[in-house]
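Visitor: Here is a sequence together with a model predicted from it:
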Amino acid sequence: MKKIPNNRAWFLVLPVFVTVAFSAIIPLMTVVNYSVQDIFGPYNRVFVGTEFFEMVLQDRDLHEALQRQLLFSFWVLLIEVPLGIAIALALPVRGWLASLCLVLIALPLLIPWNVVGTIWQIFARPDIGLAGVAVNRLGIHYNYTAEPFDAWLTVLVMDVWHWTPLVALLCYAGLRAIPDAFYQAARIDGASAWAVFRYIQLPKLRGVLMIAVLLRFMDSFMIYTEPFVLTGGGPGNSTTFLSQFLTTLAVGRFDLGPAAAFSIIYFLIILLFCWIFYTVIENLGRAPR
Amino acid sequence: MRKRSLALIVYFLFILLPIYWMVNMSLKTNDQILVGFSLLPENPTLTNYVEIFTNPAWYSGYINSIIYVCINTVLSVLVALPAAYAFSRYRFIGDKHMFFWLLTNRMAPPAVFLLPFFQLYSTIGLFDTHLAVALAHMLFNVPLAVWILEGFMSGVPREIDETAYLDGYTFPRFFVRVFLPLIRSGIGVTAFFCFMFSWVELLLARTLTTVDAKPIAATMTRTVSAAGMDWGVLAAAGVLTIVPGALVIWFVRNYIAKGFALGRV
């Protein structure tokens, strides 16, 4: 649809701008303030410039947390996006069964995040949890409270459980929007199932996949509540992801300056990756034409 | 076809088993939980649920959560409606930047922003009210609402607007009488997503409240740390947090797929 140029439309956007800016800009400016000043009291503060930024960038623990975080987000995207597409393709198309499937699949999304942590904390316990007991009975030694790798794996499986439905719902919606004519044309050409997927469904899913990848990246990169409840960042530091590290810095040690400097860097990292994903996915779809 | 249904069944088992396990635990007493491992509760008991429904410390958490989630949903949809209309119909200075800026509000890591939020809402005297949490949650719900509604509105042909103006409708009258009924399902889906994201959020809600507006999610974490692990009650509380969301999704189940399909695909 062609849009009419009309700057008075700003008046319609104004309520959104005001409400969001109220909650966004003032806290953001405060954080910027923290990051460049050392604050001793209400009237006693020293401008320190980029000192906190340099300090944070040289922190070894932070580098390790960043690596863990990148690895985690990488696996989250690698597992959840293809799995979500596959589920969306397999879901029934119409009838009461389709409705039921949609409701069931959306259940994990509706559970408060700390409850998600609690569920998995119970479910994976090697003494009283169904998954923990079952895996141990199979002869595999598994204990997420003691083994770093098991803990990491549990957090990953929990995230797959929690968020794959979002990708699946988005892709399901995208698939329903493809007109039947495309499939009929493919049938006349005698296209294989793979060809239908590669040349009809996947290109048409580009829009929803973009949203899914961006949302999943942002949220997995800022994951906090679930691993905090499940493992508390341990054992050792094996599941201490970036936001957990940040919280320890800000609340635990009350180092507001470095913490604020770090949140700004954190925010910029997310922005950078989102921009990369955005550009890459935009161009992927455009190139063959 | 058979392989496909089998894979689906496995996936649904994967989704439902953790939830089943929580329901199972909520029907046991603490001793039964810790003593042994059993697939079904042997003597199902409702004491955990009775505890939640009779203890104000527990059930007020649900009431608080539901109040601020509802305020948030209503406000988010109300401010997002005109904005989404503007984005779907007009081109104006900075419209693309504005759209992207809205999205960036989802990208801020919460840990450090909590303190400024706390200061901001204390300063304006809203601390520990339902309105404070509702306003804070609008930060990430309004962008989402604008995005979904814009998709729906772009699906309505502009000829309808123009015909209405020719018939002598003013803009507010046209918007309420003609346009809103056309995108009813879109509003339903948007409301569902606002409800969902506000319902599951914990950090902001916990920071901005102490007693009067304390959400159920915060009640759960604090009770755990105070009284050791009362697994049974904890599981029962968890089960009850799923119920409101499940009810809402049942009402909008037929529109959810359409929610993303229109316009933006």
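Guide: Sure thing, it's come through.

Visitor: Which single residue in the stretch 151-265 of chain B comes nearest to chain A?
Guide: With C-beta to the nearest C-beta as the measure, B:Gly245 is the residue of the stretch 151-265 of chain B nearest to chain A, at 2.9 Å. No exception for glycine: its C-beta is placed from N, CA and C like everyone else's.

Visitor: can you pull the contacts of the nearest residue to that residue once chain neighbours are set aside?
Guide: Among residues not flanking B:Gly245 along the chain, A:Leu110 sits closest, at 2.9 Å (C-beta to C-beta, 6 or more residues apart in numbering or on different chains). Taking C-beta atoms under 8 Å, 6 or more residues apart in numbering or on different chains, we find A:Leu110 in contact with B:Met196, B:Trp199, B:Val200, B:Ile242, B:Gly245, B:Ala246, B:Val248, B:Ile249.

Visitor: ok, now B:Leu126?
Guide: B:Ala132, B:Leu135.

Visitor: would you say it is within a helix?
Guide: No. Under DSSP: H, G, I helix; E, B strand; the rest coil, B:Leu126 sits outside any helix and is assigned coil.

Visitor: Got phi/psi on it?
Guide: phi -100, psi 0 (degrees, to the nearest 10).

Visitor: The helix or strand harbouring A:Leu169 near chain B anywhere?
Guide: Using DSSP states H and E, A:Leu169 maps to helix A:148-176. Yes. Helix A:148-176 is in contact with chain B by C-beta under 8 Å from any C-beta of the partner chain, via A:Trp161, A:Pro165, A:Leu169, A:Leu170, A:Tyr172, A:Ala173, A:Gly174, A:Arg176.

Visitor: Turn these into a markdown table, including pLDDT and neighbour count.
Guide: Shown next, in a markdown table, are the residues of helix A:148-176 next to chain B (pLDDT from 0 to 100; neighbours: other C-beta atoms under 10 Å in any protein chain shown):
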| residue | pLDDT | neighbour count |
| --- | --- | --- |
| A:Trp161 | 93 | 19 |
| A:Pro165 | 90 | 24 |
| A:Leu169 | 83 | 24 |
| A:Leu170 | 80 | 28 |
| A:Tyr172 | 84 | 27 |
| A:Ala173 | 78 | 22 |
| A:Gly174 | 78 | 25 |
| A:Arg176 | 78 | 16 |
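
Visitor: Who wins on neighbours among the contacts of A:Leu110?
Guide: Counting neighbours by other C-beta atoms under 10 Å in any protein chain shown, the top entry in the contacts of A:Leu110 is B:Trp199, with 26 neighbours.

Visitor: hang on, it packs against A:Pro112?
Guide: Yes. Counting by C-beta atoms under 8 Å, A:Pro112 is a contact partner of B:Trp199 at 6.6 Å.

Visitor: what helix or strand does A:Ala261 sit in?
Guide: helix A:256-286.

Visitor: Only the buried residues of that helix, if you could.
Guide: Neighbour-count burial for helix A:256-286, counted by 16 or more other C-beta atoms under 10 Å in any protein chain shown, picks out A:256-267, A:269-271, A:273-274, A:277, A:281, A:285.

Visitor: Tell me the gap between that helix and the middle of its chain.
Guide: 13 Å (C-alpha atoms, centre = their mean, to the nearest Å).

Visitor: any bit of that helix sitting next to chain B?
Guide: Yes. Helix A:256-286 comes into contact with chain B (C-beta under 8 Å from any C-beta), by way of A:Leu256, A:Ala259, A:Ala260, A:Phe262, A:Ser263, A:Tyr266, A:Phe267, A:Ile270, A:Leu271, A:Cys274.

Visitor: Quick check: the two most widely separated of those?
Guide: Checked with C-beta to C-beta, the residues of helix A:256-286 next to chain B reach their widest spread between A:Leu256 and A:Cys274, with 26.5 Å between them.

Visitor: okay, and for the chain, where does confidence drop off?
Guide: All of this refers to chain A. A:1-2, A:40-44, A:254, A:285-289 (pLDDT under 70).

Visitor: um, chain B though
Guide: For chain B (pLDDT under 70), the answer is B:1, B:36, B:112, B:221-229, B:254, B:256-265.

Visitor: all helices in it, in order from the N-terminus.
Guide: For chain B, the helices defined by DSSP state H cover B:2-26, B:30-35, B:47-54, B:56-89, B:95-104, B:110-123, B:130-154, B:158-166, B:171-174, B:180-182, B:184-200, B:203-207, B:216-226, B:231-261.

Visitor: wait, does the shortest one contact chain A?
Guide: No. With C-beta under 8 Å from any C-beta as the threshold, helix B:180-182 lies outside contact range of chain A, at a closest distance of 14.2 Å.
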